[in-house]
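A.B. asks: Build me a structure from this.
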Amino acid sequence: GDDLDDLRAPLLPAAATTGRTSLADRVSALFTVRLLSGAGAPPPPAEAHAAAFEALRCDDGGYARAPGGASSTYATFLVAVGYDLLGASPPDAGGIAAFVRRRRRDDGGFADADRMPRSSVNPTAAAVALAAAGGLDDAALYDGAARFLLDVQRGDGGFPAGRGAPT
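C.D. replies: All right, here's what the predicted structure looks like:
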């Protein structure tokens, strides 16, 4: 109703029309609108959001956190979530799948940036979610990620950011 429209107005126009909106803010705004709209509501208008997402696309098949930036496993995951909230899929699923595979490290986990030699927990979770959403049938990828996560899991059941991280 009108109350929902009043809540939507400050969220989506800024996220859809300004180049200064962060990727995380854009996806959070889309999620908030979907949450407030209910499960049966149509997705928000996609054109401006999809254009903003595609402005983050990198030549390696991934997406950056900001236009002109380097690709990021986690940013690519956020873009995929954003597209899902729009009721769509990111273009070039094959490019994303190849990107995810290149971010895998020898320990079975995944790194966020190409230049990072070591795996971290968040990019590993993001890569597994991207692989699953993209329908990748790659048991070695999933098994390696599981081994990495079990290896870094703390005794209390929690996970540090990565191997050797204090919290």
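A.B. asks: ranges for the helices of this protein?
C.D. replies: Ranges of helices within the chain are 2-17, 23-37, 47-54, 73-85, 93-102, 121-133, 139-152, based on DSSP state H.
A.B. asks: contacting residues for the residue nearest in space to the middle of the chain?
C.D. replies: With distances taken as C-alpha atoms, centre = their mean, Phe77 lies nearest the centre of the chain, 1.7 Å away. Residues counted as contacts of Phe77 (C-beta atoms under 8 Å, 6 or more residues apart in numbering) are Ala126, Ala127, Ala129, Leu130. To be clear about C-beta, it is placed using only N, CA and C from the backbone, and glycine gets the same treatment.
A.B. asks: Type out the PyMOL command that picks the buried ones from the residues you listed.
C.D. replies: PyMOL command restricting those to the buried ones, with burial defined by 16 or more other C-beta atoms under 10 Å:
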select buried, resi 126+127+130
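A.B. asks: of all the contacts of Phe77, which two lie farthest apart?
C.D. replies: Ala127 and Ala129 (7.3 Å; C-beta to C-beta).
A.B. asks: Now do stretch 155-164: everything it contacts.
C.D. replies: Stretch 155-164 is contacted from outside by 107, 118-122, 149, 151-154, 166-167, using C-beta under 8 Å, 6+ apart.
A.B. asks: how long is that stretch from one end to the other?
C.D. replies: Length of stretch 155-164, first residue to last, C-alpha to C-alpha, to the nearest Å: 14 Å.
A.B. asks: Repeat that for stretch 104-121.
C.D. replies: Per C-alpha to C-alpha, stretch 104-121 runs 12 Å from first to last residue.
A.B. asks: just how off-centre is it within its chain?
C.D. replies: With C-alpha atoms, centre = their mean, to the nearest Å as the basis, stretch 104-121 stands 16 Å off its chain's centre.
A.B. asks: in that stretch, what counts as buried?
C.D. replies: For stretch 104-121, by 16+ other C-beta under 10 Å, it's 104-105, 107-114, 119-121.
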